[in-house]
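Undergrad: Provided below for reference: sequence and predicted model.
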Amino acid sequence: MKRSLVIISLFTVGLAAVALVVGGWSRVLEGLEVSAATALRSVFMIFLSFVIMGQIQVLLSKDVLDRWLQRFGGMKGILIGALAGGLFPGGPYIYYPFALGFTGKGLPFYIFFAFILGKNLYDFSRIPMEVAMLGSRVALVRNLVTFPIPIMAGLLSQRIFASRTLESIFLQTGERDGADQHNS
Amino acid sequence: MAQTNTILSIAALLLILINAKTNGRHGEGLKAGLKQMMRSAPLIVGALILAGMIEVLIPPEFVEGWLSKEAGLKGIILGTLGGMIMAMGPYASFPIIASILSSGAGLGTVVAIITGWCLLSLNKLPFESGFFGLKFYTYKLILSIPFSFGAGLVAHAWDMILP
């Protein structure tokens, strides 16, 4: 979060300087007016987005999603994996260690991959923010168009790697040891 | 916008009710959501200011030639690459993408940006290569580029058929 804030601040200052050079203070003020108008338009929607996000976080615990992923295989496993990814609460500091926790538990790579791509693309707690900022049409088309991707990626990975696990395909010995330690 | 507010309000209310009935943790959820909002507020404000600057600085000729519906494939390729280099979280990325959209970018371009950002944004590199190995990241990258591009193409076709 801190890194993102630094990046945003640097870009903002840089672009404000460009606006000043290109169009003077009036262009900078124009930019700020656009920002203020967007903020006013979206403030309630942003608030609601966070309320929804918090409720999803307490509704679906990590244990529930862990049980779902371990129970199914094949197409059903891919679908459950992708949906569990979309429902999984929290940012990268939470879901990557959670996903690494599957090493050594025999979860086929294709389900693991569907889970990661499901988190990346579906992330249901992000949808309210997407609707708030981009409008319902763009959010609807985007979500419909990208819905098949985690499933197709899971099926493709199943075809390539069959039921092999993440650690048997991608992790080197050292990384595998690290993953084992993570599990213990 | 009023419609979006209504839908979001209903969704929020329903989730609060479900949590209140099933686990009694609705208060905890509200606290968690508000805490997250307070933590993200500086980032959201920063991103909104940045988005405003982008909107008044993008030359209309660039949008028309490279990002609009008429730009077609060019916009989708540029969108996928733009999404990849947008190494930020959703609170920062969505306002920026919104500013590109309101500058006149086509639906295919915007969907390619979001898909590229979701799957390939550079801030995922340290996590995915660190946790699962560089080979995993490369495998994901190889699969994700055509997926992002394909999503942009389908959205572009959608926009042409149902404008």
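TA: The structure has been received and is ready for your questions. Numbers count the residues shown, from 1 in each chain, chains lettered A, B, ... in the order given.

Undergrad: make it CA atoms for all contacts and neighbour counts henceforth
TA: Will do.

Undergrad: and the longest helix seen in chain A, what does it pack onto?
TA: In terms of residue count, the longest helix belonging to chain A (DSSP state H) is helix A:2-59. On a contact count with 3 or more Cα pairs under 8 Å, 6 or more residues apart in numbering or on different chains; DSSP states H and E, helix A:2-59 meets helix A:127-134, helix B:2-22, helix B:26-57.

Undergrad: got JSON lines for those, with mean neighbour count too?
TA: Listed next are the helices and strands packed on helix A:2-59 as JSON lines, based on neighbours: other Cα atoms under 10 Å in any protein chain shown:
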{"stretch": "helix A:127-134", "mean neighbour count": "24"}
{"stretch": "helix B:2-22", "mean neighbour count": "16"}
{"stretch": "helix B:26-57", "mean neighbour count": "21"}
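
Undergrad: residue A:54: which of those is closest?
TA: When the helices and strands packed on helix A:2-59 are ranked by proximity to residue A:54, the top entry is helix B:26-57, at 3.9 Å, counting by Cα to Cα.

Undergrad: can you tell me what sits against the helix or strand that that closest one is followed by?
TA: As assigned by DSSP states H and E, the chain's next helix or strand after helix B:26-57 is helix B:60-62. For helix B:60-62, the surrounding residues in contact (Cα atoms under 8 Å, 6 or more residues apart in numbering or on different chains) are residue B:103.

Undergrad: run through chain A and note the low-pLDDT ranges.
TA: For chain A, the stretches with pLDDT under 70 are A:1, A:4, A:62, A:93, A:172-184.

Undergrad: whichever helix or strand comes after the longest helix of chain A and chain B in contact?
TA: Downstream of helix A:2-59, the next assigned helix or strand under DSSP H and E is helix A:62-71. No - counting by Cα under 8 Å from any Cα of the partner chain, chain B is not contacted by helix A:62-71; separation bottoms out at 13.4 Å.

Undergrad: beyond helix A:62-71, next helix or strand please.
TA: helix A:74-87.

Undergrad: quick one on the thing from earlier: need the helices and strands packed on helix A:2-59 in a markdown table with distance to residue A:165, can you?
TA: Output for the helices and strands packed on helix A:2-59, formatted as a markdown table (distance: least, Cα to Cα, whole Å):
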| stretch | distance to residue A:165 |
| --- | --- |
| helix A:127-134 | 31 |
| helix B:2-22 | 35 |
| helix B:26-57 | 34 |
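
Undergrad: quick one, what contacts the residue nearest to the spatial centre of chain A?
TA: Among the residues of chain A, the one closest to the centroid is residue A:120, at 3.4 Å (Cα atoms, centre = their mean). For residue A:120, the contact set (Cα under 8 Å, 6+ apart) comprises A:85, A:86, B:118, B:119.

Undergrad: out of those residues, who's the most crowded?
TA: Using other Cα atoms under 10 Å in any protein chain shown as the neighbour test, the contacts of residue A:120 are led by residue A:85, with 28 neighbours.

Undergrad: who's in contact with the residue of chain B found nearest chain A?
TA: Taking Cα to the nearest Cα, chain A has its nearest neighbour within chain B at residue B:33, 3.9 Å off. Neighbouring residues of residue B:33 by Cα under 8 Å, 6+ apart: A:50, A:51, A:52, A:53, A:54, A:55.

Undergrad: ditto for residue A:73
TA: Going by Cα under 8 Å, 6+ apart, residue A:73 touches residue A:111.

Undergrad: phi, psi of it?
TA: Backbone torsions of residue A:73, given as degrees, to the nearest 10, read phi -140, psi 180.

Undergrad: give me the distance between it and residue A:61.
TA: Going from residue A:73 to residue A:61 by Cα to Cα, to the nearest Å gives 21 Å.
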